[in-house]
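Visitor: Pasting the sequence and the predicted model now:
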Amino acid sequence: MDKITIGVVTTSDRASKGIYEDISGKAIMDTFNEYLRNDTEYLYRCIPDEQNLIEETLIELSRSCDLIVTTGGTGPAPRDVTTEATEAVCQKLLPGFGEQMRAVSLQYVPTAILSRQTAGICNGTLIINLPGKPKSIRECLDAVFPAVPYCIDLIGGGYMEVNESVIKVFRPKAK
Amino acid sequence: MDKITIGVVTTSDRASKGIYEDISGKAIMDTFNEYLRNDTEYLYRCIPDEQNLIEETLIELSRSCDLIVTTGGTGPAPRDVTTEATEAVCQKLLPGFGEQMRAVSLQYVPTAILSRQTAGICNGTLIINLPGKPKSIRECLDAVFPAVPYCIDLIGGGYMEVNESVIKVFRPKAK
Amino acid sequence: MDKITIGVVTTSDRASKGIYEDISGKAIMDTFNEYLRNDTEYLYRCIPDEQNLIEETLIELSRSCDLIVTTGGTGPAPRDVTTEATEAVCQKLLPGFGEQMRAVSLQYVPTAILSRQTAGICNGTLIINLPGKPKSIRECLDAVFPAVPYCIDLIGGGYMEVNESVIKVFRPKAK
């Protein structure tokens, strides 16, 4: 079974200074531990909401990760720049991820439309923007993860194998 | 209670020449008068479908408005350039607004997918593109307005207070 | 009744070399033959997944077509560049088409969110990206085609007349 490397990037001025604990990054790793049967390594970064720094972090992680997920920084506030950084480093954007995550979050809160979450491919690595709050993170991951292993197959990453009792994934048959 | 200033921009070659009355701009102001309990001032502009002029108008209004809404100019026709002007002046785009407005309009007409409506932040002011027809304007505003006061809170505008018998809004608790 | 000219562009490295038959292009023409009552001419191209070549083909076809549809090349793989070519040649993009096609495909497969299908206007001609597989092509066309004749009216193309027993289309009344 392939070893999988996942980058987890929390962007938060306050968490990166230790003003509060980053429970979102931990929630992401807990979720992937439930989903995946592969041996999984996490490259974890907790950094301030600085676009240049986020871009550098994403590019650095893209060299060794099969998947990168971010949390935070996708709202309309001036310091929310994770979306901008993601769009800047990706060669391809996948708008369907953002559409589906907003549609799912909209079942819970009308402010879901304020999220600018997106996804894209950076140097052959899939990057997905997740929300900042642990509850919303899980709702979004449960919605989009079924398409993630096949996407990673298509762009040359490791072969993810999942716990089918936790999450079902889908790989279309080749033509 | 904060005073609220709302820019209302009708883009229409014919209405701006007085060939017909701009009932859309009036419908927008009537709707906000129903929604809002604040003292509300409207800065109203009815201008032709010229991209440069729309951009200048949006930038000028962004200096004094808490919110700007446009009506018209979001379709596929060559003179429909309100979306282009909005994208050009905004520092951040909020694609969730357009997605939700199209999804709502699609419940009524299949041609909703032709709308290029978007929303974004221009110099700290939220701009929302609304459709051209009064009935569709109200359908779209009822759908997206619940997220608007919180968005304006996040970008430093006035604190909107609403008539809860007319519209419910949502403000998530801070972390 | 107007004569209608439709460009059908299959982008596929393998089909363009004759490694397999292009059944997708044929499925598209069969569908339009069912939909349309007009005399319809097809300008058919089956070309490799080369962005420059796709752009040139779209521009050439835009000179004589009322509508252009593509099939293939909208996924996340490195050779999927039909979306990039479409965005590069269009003066206006119509994101509602991609949103609705992904929403419809999502009813069948969770990997629908990996599609980057879009639509736009190139020199007065509507271009729509369709999926690669015949079954998905029909699902997407049935969903978006009801808005297509009115869109083509707005941008100055031929007047499409349809078989109402096969597909219903919608043209809003002028103001």
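Guide: Alright, I've got the coordinates.
Visitor: Contacts only, for the closest residue in space to A:N123 that isn't next to it in sequence.
Guide: Nearest non-adjacent residue to A:N123, counting by C-beta to C-beta, 6 or more residues apart in numbering or on different chains: A:S62, 4.3 Å away. Quick note: C-beta positions are derived from backbone N, CA and C, even for glycine. Residues near A:S62 by C-beta atoms under 8 Å, 6 or more residues apart in numbering or on different chains: A:G7, A:I68, A:V89, A:C122, A:N123, A:G124, A:T125, A:I127.
Visitor: The first one belongs to a helix?
Guide: By that I understand A:G7. No: assessed with DSSP: H, G, I helix; E, B strand; the rest coil, A:G7 is strand; it does not lie in a helix.
Visitor: residues near it, how many?
Guide: 24 (other C-beta atoms under 10 Å in any protein chain shown).
Visitor: ok, it touching A:R63?
Guide: No: the criterion here is C-beta atoms under 8 Å, and A:G7 misses it with A:R63 at 9.9 Å.
Visitor: Could you pull out the residues contacting both of these two?
Guide: Counting by C-beta under 8 Å, 6+ apart, nothing touches both A:G7 and A:R63.
Visitor: Which residue, other than its chain neighbours, is closest to the residue nearest the centre of chain A?
Guide: The centroid of chain A falls nearest to A:V69 when counting by C-alpha atoms, centre = their mean (2.3 Å). The shortest distance from A:V69 to any residue other than its chain neighbours is 5.0 Å, reached at A:I128 (C-beta to C-beta, 6+ apart).
Visitor: Which strand residues bridge the one you found?
Guide: A:V69, A:A119 (DSSP bridges).
Visitor: Can you show me the helices along chain A?
Guide: A:13-16, A:23-35, A:51-62, A:82-89, A:95-105, A:134-144, A:148-154 (DSSP state H).
Visitor: Can you lay out these as a markdown table showing mean pLDDT?
Guide: Compiled in a markdown table, these are given as follows (pLDDT from 0 to 100):
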| stretch | mean pLDDT |
| --- | --- |
| helix A:13-16 | 94 |
| helix A:23-35 | 98 |
| helix A:51-62 | 98 |
| helix A:82-89 | 98 |
| helix A:95-105 | 98 |
| helix A:134-144 | 97 |
| helix A:148-154 | 98 |
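Visitor: Reformat those as a markdown table; add distance to B:M1.
Guide: Shown next, in a markdown table, are the helices of chain A (distance: least, C-beta to C-beta, whole Å):
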| stretch | distance to B:M1 |
| --- | --- |
| helix A:13-16 | 31 |
| helix A:23-35 | 35 |
| helix A:51-62 | 36 |
| helix A:82-89 | 33 |
| helix A:95-105 | 30 |
| helix A:134-144 | 31 |
| helix A:148-154 | 47 |
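Visitor: Of those helices, which is nearest B:V81?
Guide: helix A:95-105 (22.4 Å; C-beta to C-beta).
Visitor: tilt between the closest one and helix A:82-89?
Guide: Between the axes of helix A:95-105 and helix A:82-89, defined by axes from the mean of the first three to the mean of the last three C-alpha atoms, to 10 degrees, the angle is 160 degrees.
Visitor: what's helix A:95-105 in contact with?
Guide: A:112-113, A:115-119, A:128-131, A:136, A:139-140, A:143-144, B:95-96, B:99-100, C:95, C:98-99, C:102-103, C:106, C:112-116.
Visitor: still on that earlier bit, compare the helices of chain A and report which one is nearest to C:M29.
Guide: Across the helices of chain A, closest to C:M29 is helix A:95-105 (C-beta to C-beta), at 27.1 Å.
Visitor: just the CA coordinates of the closest one, formatted as CSV?
Guide: Extracted C-alpha coordinates of helix A:95-105, given in CSV (Å, rounded to 0.1, in the frame of the first residue of the first chain):
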residue,chain,number,x,y,z
PRO,A,95,-14.2,25.3,-9.2
GLY,A,96,-16.5,22.3,-8.5
PHE,A,97,-14.9,21.8,-5.0
GLY,A,98,-15.8,25.3,-3.9
GLU,A,99,-19.3,25.1,-5.4
GLN,A,100,-20.0,21.8,-3.6
MET,A,101,-18.5,22.9,-0.2
ARG,A,102,-20.6,26.1,-0.3
ALA,A,103,-23.7,24.2,-1.2
VAL,A,104,-23.2,21.8,1.7
SER,A,105,-22.4,24.5,4.2
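Visitor: Report the angle between that helix and helix A:134-144.
Guide: Per the same axes, to 10 degrees, the angle that helix A:95-105 makes with helix A:134-144 is 130 degrees.
Visitor: and chain A, which residues reach chain C?
Guide: A:92-97, A:99-100, A:121, A:124, A:126, A:144, A:146-147, A:150-151, A:154-155, A:169-172, A:175 (C-beta under 8 Å from any C-beta of the partner chain).
Visitor: Quick one, which of those residues are buried?
Guide: For these, a burial check counting by 16 or more other C-beta atoms under 10 Å in any protein chain shown picks out A:92-97, A:99-100, A:121, A:126, A:144, A:146-147, A:150-151, A:154-155, A:169.
Visitor: how close does A:P149 get to C:R102?
Guide: 19 Å (C-beta to C-beta, to the nearest Å).
Visitor: who has more neighbours, those two?
Guide: Comparing A:P149 with C:R102 by other C-beta under 10 Å, the one with more neighbours is A:P149, at 25 against 22.
Visitor: In stretch A:54-68, which residues are buried?
Guide: So for stretch A:54-68, counting by 16+ other C-beta under 10 Å, buried means A:I54, A:E55, A:T57, A:L58, A:L61, A:S62, A:C65, A:D66, A:L67, A:I68.
Visitor: who's the nearest residue to the fifth one once chain neighbours are set aside bridged to?
Guide: Ranked by C-beta to C-beta, 6+ apart and with sequence neighbours excluded, the top spatial neighbour of A:L61 is A:G7, at 3.6 Å. Each beta-bridge partner of A:G7 is listed here, defined by DSSP bridges: A:L43, A:I68.
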